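[1] here is my input; please provide its structure:
(4 chains)
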2 protein chains.
Amino acid sequence: MLLLIEGNGGGLVSSSPLKRETMSVQIAAILRRDILTGELSPNAQVVESALALRLGVSRGPLREAMRQLIEEGLLITVPYTGTRVVDISVRDINEIYAMRTCIEIFAFEQIWTRRSEDFKAELIKRNQALKHAIDQADHVAAIEAELDLHGLAYEHANNRILLNTWTGLRGHLQMYWASHHRAHGTTGPKRESHDDYVRFALGESLTAMQDELRDHMRRGLETTITFVETCSGASA
Amino acid sequence: MLLLIEGNGGGLVSSSPLKRETMSVQIAAILRRDILTGELSPNAQVVESALALRLGVSRGPLREAMRQLIEEGLLITVPYTGTRVVDISVRDINEIYAMRTCIEIFAFEQIWTRRSEDFKAELIKRNQALKHAIDQADHVAAIEAELDLHGLAYEHANNRILLNTWTGLRGHLQMYWASHHRAHGTTGPKRESHDDYVRFALGESLTAMQDELRDHMRRGLETTITFVETCSGASA
DNA sequence: CGATTAAAGATTGTCAACAATCTTTGTCGG
DNA sequence: CCGACAAAGATTGTTGACAATCTTTAATCG
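    Now for the predicted structure:
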């Protein structure tokens, strides 16, 4: 029943540099990572006592971490019966993509007139990182790279609420894609999928970029929905 | 050390119809209400043990409720030192209004072609409720009525993520206005402030409504910022 | 008198045991 | 064989005590 930070003996927590964080925060990070990478499948049951034992902590901090993930929409709990990883439906995907289109257009509106050289360089760099991950056939990394690429606009929009909203959407998307990749071997994004995105984002016309965004999202939604209906095991 | 539900003897919880909810959910509701109505002022310290004693519960469920409000952005906690009600800054207000403009335009885009008679009637009804609250000089009710009026579009947009985002913004706005009303006696919205909003929302042109929205938000932001700088006690 | 350090206080973090609730299983009667 | 009921199991909900950490205060030394 020993702790997992001190001395890093448990080997469960990933390389904490001796700094002290409360356990519930560490646990939340571990759980979130496991859900987002698909290690904990959608709809999988998460039992407090078992998880607490595995992580070497008491149920108290674990419950707090889980409560946070519940609020983030990654876990669902029903009183006195159990907690499960959330299962994302086709309706959710539609809602996510509609919302993405809305806020990413807004993000580019916010940053458009003050796109720095830094921004432009970083955008290109992240697109290259995406291509590199695809070349390595590392689908999980490719998923993250694509989301990181889209994230840049939000990071520069200087609006924490906007960034927060994106982070929530991003989490659900990542989890969805990753779990589908694990379960059905679906591949990640194509190598040139974001070249237009980057080109218009660096260009002169905001209107053109917004049109590209709408198109990009329409295509993305189509692709995502398609490989859902290809595999049968969808949820309600 | 008695419970607060059974028999409703404590008088603290508002008329629970004998149904069983977990305590942390009830506590979260109470806390949220107290924060949103300004009964707990911004920046006020919230001490677990004291609050637990006052509510007649243990610290466990209380902590879970607080953890939820932390995730909602209503409380801020720093490990081992304390928890306070969040203090909304001018920057926050700017971010909120920018985001509001973005998502409310989106909401009307979503509902525009399928505005039902039900929707139109309810919109008019909520505007009348707003006017009624203003006539009664019930500023707290007027704040809620204005937010309820704006909420209708989100409720009909059929996108839970969108509605969720609005709920978050709504909470921060309500808390901000209510606390300022308590502290400095600022009055709520004007009687005719939403007549144009309703008129365009019922009209034919979506573009016209979007323009009205941008204008409405611009005015609202101006008003809110103004009575912030009138009173000195703003935060960082 | 000021600055450093130590002690006291306040507050949150963690734990293990116990209680309440829901679900499943098994049993009994028809 | 089927349905109602009861018991057993599984899981979460709640509690009070104890530990860790931060802040404030007081004392000590220069």
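[2] can you list the residues of chain A near DNA strand C?
    Contact residues (CB under 7 Å from any atom of the strand) of chain A with DNA strand C: A:1, A:3, A:22-24, A:57-61, A:64, A:79-81. For the C-beta atoms, the positions are set from N, CA and C on the backbone; glycine is no exception.
[3] show residues contacting the lowest-mean-pLDDT helix or strand in chain A.
    The weakest-scoring helix or strand in chain A, judged by mean pLDDT, DSSP states H and E, is helix A:206-230 (a mean of 91). Here helix A:206-230 makes contact (CB atoms under 8 Å, 6 or more residues apart in numbering or on different chains) with A:90, A:93-94, A:97, A:100-101, A:104-105, A:108-109, A:112, A:176-177, A:180, A:184, A:186, A:196-197, A:200-201, A:203, A:234.
[4] please apply the same query to stretch A:116-133.
    Contact with stretch A:116-133 is made by A:111, A:141-142, A:144-146, A:148-149, A:152, A:156, A:188-189, A:191, A:194-195, A:198, A:201-202, as judged by CB under 8 Å, 6+ apart.
[5] that stretch - what's its average pLDDT?
    Averaging pLDDT along stretch A:116-133 gives 97.
[6] relative to residue A:86, how far out is the residue nearest the centre of chain A?
    Nearest to the mean C-alpha position of chain A, by CA atoms, centre = their mean, lies residue A:171 at 2.9 Å. Taking CB to CB, to the nearest Å as the measure, residue A:171 falls 10 Å from residue A:86.
[7] now the buried members of the contacts of stretch A:116-133.
    The neighbour-count test (16 or more other CB atoms under 10 Å in any protein chain shown) marks A:111, A:141-142, A:144-146, A:148-149, A:152, A:156, A:188-189, A:194, A:198, A:201 as buried among the contacts of stretch A:116-133.
[8] which of those residues lies closest to chain B?
    residue A:111 (12.3 Å; CB to the nearest CB).
[9] what are the phi and psi values at the closest one?
    Main-chain torsions, residue A:111, degrees, to the nearest 10: phi -90, psi -10.
[10] ok, and the closest non-adjacent residue to it?
    Using CB to CB, 6 or more residues apart in numbering or on different chains and skipping the chain neighbours, the partner closest in space to residue A:111 is residue A:156 (4.8 Å).
[11] in terms of contact, does that neighbour touch residue A:109 like I think?
    No. In this structure, residue A:156 is not within contact of residue A:109 by CB atoms under 8 Å, at 12.0 Å.
[12] which residue ranges of chain A form strands?
    Ranges of strands within chain A are A:75-78, A:82-85, based on DSSP state E.
[13] whichever residue of chain A sits closest to DNA strand D: what's it in contact with?
    Using CB to the nearest atom of the strand, the single residue of chain A nearest to DNA strand D is residue A:48, 3.5 Å away. By CB under 8 Å, 6+ apart, residue A:48 lies in contact with A:59, A:62, A:63, A:66, A:83.
[14] surely residue A:63 touches residue B:64?
    Yes. Using CB under 8 Å, residue A:63 is in contact with residue B:64, at 6.6 Å.
[15] how does chain A divide into domains?
    A:6-85, A:90-230 (automatic domain parsing).
[16] of these, which shows the lowest average pLDDT?
    domain A:6-85 (a mean of 84).
[17] show me what from chain A comes close to DNA strand D.
    Checking chain A against DNA strand D by CB under 7 Å from any atom of the strand, the hits are A:20, A:45-50, A:59-60, A:63, A:77, A:79-83.
[18] returning to that earlier point: can you pull the residues that touch both of residue A:171 and residue A:86?
    Common contacts of residue A:171 and residue A:86 (CB under 8 Å, 6+ apart): A:73, A:74.
[19] OK, contacts around residue A:191?
    With the criterion set at CB under 8 Å, 6+ apart, residue A:191 makes contact with A:131, A:134, A:135.
[20] what about the second one, neighbour count?
    Same thing as residue A:134. 21 (other CB atoms under 10 Å in any protein chain shown).
[21] quick check, it in contact with residue A:188.
    Yes. Residue A:134 sits in contact with residue A:188 when judged by CB under 8 Å, with a separation of 6.7 Å.
[22] what sits in contact with each of the two?
    Looking at what touches both residue A:134 and residue A:188 (by CB under 8 Å, 6+ apart), the common residues are residue A:142.
[23] if any of the residues of chain A next to DNA strand D are buried, give me the PyMOL selection for them.
    Restricted to buried positions by 16+ other CB under 10 Å, the PyMOL selection for the residues of chain A next to DNA strand D reads:
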select buried, chain A and resi 46+48+60+63+77+83
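[24] what's the closest non-adjacent residue to the residue nearest to the centre of chain A?
    Once flanking residues are discounted, residue A:171 sits nearest to residue A:36: 6.1 Å by CB to CB, 6+ apart.
[25] and that neighbour, how far from residue B:44?
    35 Å.
[26] between those two, which is the more surrounded one?
    Shown here are residue A:36 and residue B:44; by other CB under 10 Å, residue A:36 has more neighbours (23 against 14).
[27] correct me, but the more buried one touches residue A:173?
    No. If you go by CB under 8 Å, residue A:36 and residue A:173 don't touch, sitting 9.6 Å apart.
[28] the helices in chain A, which residues?
    Using DSSP state H, the helices found in chain A span residues A:23-36, A:48-55, A:59-72, A:90-111, A:117-135, A:139-156, A:160-184, A:195-202, A:206-230.
[29] quick one: which of the buried ones among the contacts of stretch A:116-133 is nearest DNA strand C?
    residue A:144 (28.1 Å).
[30] re the thing from before, just the residues of chain A next to DNA strand C that are near chain B?
    A:22, A:24, A:60, A:64, A:79 (CB under 8 Å from any CB of the partner chain).
[31] so who does the first one touch?
    Residues in contact with residue A:22 (CB under 8 Å, 6+ apart) are A:61, B:79.
[32] one more time with 10 Å
    Neighbour list for residue A:22: A:28, A:61, A:64, A:65, B:77, B:79, B:80 [criterion: CB atoms under 10 Å, 6 or more residues apart in numbering or on different chains].
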